[in-house]
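Novice: Have a look at this prediction, sequence included:
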Amino acid sequence: MTIDELIVSGKVKKFKATADEVKKSLEIAERDIEFAENIVSKNLDWSLTVTYNAVLQACRGYMFFMGYRPTSYESHKNTFQFMQEVVPENDKDTVSYFDRIRKKRHRTMYDEIGLVSQKEAKEAFQMAKEFIATIQKRINEGNK
């Protein structure tokens, strides 16, 4: 789905974010990724959830930077659909990975406990750190 199609379908809307709004989203991402690392040995489900939120916030910051925001209905899903359209080809698998994590995070939040393995939590954390750094770099360099 193209950005125009996302707009027409009501999943994304144009948004003139301030530099401070972009910065705050990235700060939340940094806070959450640090916290996720601190709790991985205590609670794997929550570590994955917080890792996911870090990525979501970085993606929102990138959307803001590009002049868009997700609408409130299915905003997480719409954020990842948007990211699939705007990231370079080599990052599309990472976006797909975190969209799958989005679904697992939902299950850990509302349905079941103990779904996340240590390997999965650590893998998600490492991928998140790298992806967040990539997003921050693109924003800092002014790359849309």
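Specialist: Looks like it came in fine.
Novice: So which residue is smack in the middle of this protein?
Specialist: For the chain, the residue nearest the mean C-alpha position is L56 (2.2 Å; CA atoms, centre = their mean).
Novice: Quick one: residues contacting that residue.
Specialist: L56 makes contact with 76, 79, 98, 102, according to CB atoms under 8 Å, 6 or more residues apart in numbering. No exception for glycine: its C-beta is placed from N, CA and C like everyone else's.
Novice: residues contacting the last one?
Specialist: For R102, the contacting residues are 52, 56, 76-77, 80, taking CB under 8 Å, 6+ apart as the criterion.
Novice: Which of the three states applies to K137?
Specialist: helix (DSSP: H, G, I helix; E, B strand; the rest coil).
Novice: Give me the pLDDT value at it.
Specialist: Looking at K137, its pLDDT is 96.
Novice: can you count the residues close to it?
Specialist: 10 (other CB atoms under 10 Å).
Novice: thinking again about what came up before, the residue nearest to the centre of the chain belongs to a helix, doesn't it?
Specialist: Yes: looking at L56 with three-state DSSP, it is inside a helix.
Novice: And the helices in the protein?
Specialist: 3-8, 19-39, 44-66, 75-86, 92-110, 118-140 (DSSP state H).
Novice: Flag every buried residue along the second one.
Specialist: Buried residues in helix 19-39, counted by 16 or more other CB atoms under 10 Å: 21-22, 24-26, 28-29, 32-33, 35-37, 39.
Novice: What's the mean pLDDT across it?
Specialist: According to the model, helix 19-39 has a mean pLDDT of 97.
Novice: Fine by me, we can end here.
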